[in-house]
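Novice: quick one, fold the following:
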Amino acid sequence: MISLISQLIYLFVIAIPLACIAWTVTHEEIFREPREYCQRMAGTAKSIWERKFFYLFTCEYCFSHYISLIFLIILRYKLLYPGWRGYLLAFFALVWIANWYMSLFGWLRQSLKVEKIEANIKNLDLQDLEKEKLE
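Specialist: Below is the predicted model of the structure:
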């Protein structure tokens, strides 16, 4: 059995690529066309199962559950308990940590965009002041 400290380190490390995959598929430009198709299908499919299937590719929280499941199958990571209880606990813990990472990344990214916009506005104001001085 792996020590508790090692299990927790694994939890936080495994959640990093999980969050990266979930964020990239549900937010980044490289997957924009498939995501837009999934958004259309999620809104127009006749079957509830089809709508839910396509929706999972548009929601990072939902998608992170499926990626967590894949990671657990590949890595056979268990948290605290041996057997199915360890997998179940690891599954929900990975989803929770990965979503914290994605929330933090989203907040950081938004903050950087706001700073960039504010810097551009200040730059335009300075250019306007310089033009007024020259006139």
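
Novice: remind me what the helix or strand where Y87 lies packs against, helices and strands.
Specialist: Using DSSP states H and E, Y87 falls within helix 84-134. Helices and strands touching helix 84-134, by 3 or more CB pairs under 8 Å, 6 or more residues apart in numbering; DSSP states H and E, are helix 4-27, helix 60-75. For the C-beta atoms, the positions are set from N, CA and C on the backbone; glycine is no exception.

Novice: that helix: how far from the chain's middle?
Specialist: Centroid separation for helix 84-134 versus its chain: 13 Å, with CA atoms, centre = their mean, to the nearest Å.

Novice: tell me the mean pLDDT for it?
Specialist: Helix 84-134 comes out with an average pLDDT of 85.

Novice: if you compare the directions of it and helix 4-27, what angle comes out?
Specialist: Computed by axes from the mean of the first three to the mean of the last three CA atoms, to 10 degrees, the angle separating helix 84-134 from helix 4-27 equals 50 degrees.

Novice: gap between the residue nearest the centre of the chain and N99?
Specialist: When CA atoms, centre = their mean is applied to the chain, the residue found nearest the centroid is W23 (3.0 Å). Distance, W23 to N99, using CB to CB, to the nearest Å: 10 Å.

Novice: what is in contact with those two at once?
Specialist: E60 (CB atoms under 8 Å, 6 or more residues apart in numbering).

Novice: want to throw the helices and strands packed on helix 84-134 into a markdown table with distance to E36?
Specialist: Shown next, in a markdown table, are the helices and strands packed on helix 84-134 (distance: least, CB to CB, whole Å):
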| stretch | distance to E36 |
| --- | --- |
| helix 4-27 | 12 |
| helix 60-75 | 15 |
